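In: model the structure of this input:
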Amino acid sequence: MVCTLQKILNRELRQVYEAFIGDRVADTTWRTVKCFITETGLDLNSNNLHEYALLRKRYPKLSLTPLEFRALLVAVDKARNLLPQFITGEEFIRLLITQEIRPDISTIYRWFKQSGSKYNKSTCYSTEIMFAVIYRAVVWKFIDTRKNRKNG
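Out: Numbers count the residues shown, from 1 in each chain. Purely as a prediction, here's the structure:
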């Protein structure tokens, strides 16, 4: 009975992951994903699968250890919690600087474009747009920090 419930739950979680990815995944890929999430110490649930799928879709070539993935999720949550309900582009730049995220302005324009918006320092943005932008900013900082550690 417990084994049957586990199989049903496993099948449902796999379907959730496949829905996030937008494609069917092979059995070996699914086992790898499950193992990766479990190794992070996080629960194997739809929220964590969504975060992992989001990262895989946006950054398919980014390789992470389970520990790095967990640290990245914590950094994204921290940054999202700092966002007010509405924020101007100029205030957002100041927020990035306080988080020690200092990309080139063209990178910021690209993040907004990838998030379905355009950057303007006087425009007021909703949290929906800003969550997508701050996600990219945190991942950018993570990649930049890792690159600098290797080169330094």
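
In: low-scoring stretches of the protein, by residue?
Out: In the predicted model of the chain, residues 1-2, 152 satisfy pLDDT under 70.

In: which stretches of it form helices?
Out: Under the criterion DSSP state H, the chain carries helices at the ranges 2-21, 27-40, 46-58, 66-82, 89-98, 105-114, 127-151.

In: and the longest one, how far out from the chain's middle?
Out: This means helix 127-151. For helix 127-151, the distance between its averaged C-alpha position and the chain's averaged C-alpha position is 9 Å (Cα atoms, centre = their mean, to the nearest Å).

In: on that earlier part again, any chance of the helices of the chain in JSON lines, with distance to residue 120 and mean neighbour count too?
Out: C-beta coordinates here come from the backbone N, C-alpha and C atoms, glycine included. Supplementary listing: those in JSON lines, determined by distance: least, Cβ to Cβ, whole Å; neighbours: other Cβ atoms under 10 Å:
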{"stretch": "helix 2-21", "distance to residue 120": "31", "mean neighbour count": "13"}
{"stretch": "helix 27-40", "distance to residue 120": "37", "mean neighbour count": "14"}
{"stretch": "helix 46-58", "distance to residue 120": "23", "mean neighbour count": "17"}
{"stretch": "helix 66-82", "distance to residue 120": "21", "mean neighbour count": "15"}
{"stretch": "helix 89-98", "distance to residue 120": "5", "mean neighbour count": "15"}
{"stretch": "helix 105-114", "distance to residue 120": "9", "mean neighbour count": "15"}
{"stretch": "helix 127-151", "distance to residue 120": "12", "mean neighbour count": "16"}
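
In: identify whichever of these lies nearest to residue 121.
Out: Comparison of the helices of the chain against residue 121 by Cβ to Cβ identifies helix 89-98 as nearest, at 4.1 Å.

In: distance from that closest one to the middle of the chain?
Out: When distances are taken as Cα atoms, centre = their mean, helix 89-98 is centred 19 Å away from the chain's centroid.

In: can you name every helix or strand that it contacts?
Out: Using 3 or more Cβ pairs under 8 Å, 6 or more residues apart in numbering; DSSP states H and E as the contact criterion, the secondary-structure elements in contact with helix 89-98 are helix 127-151.
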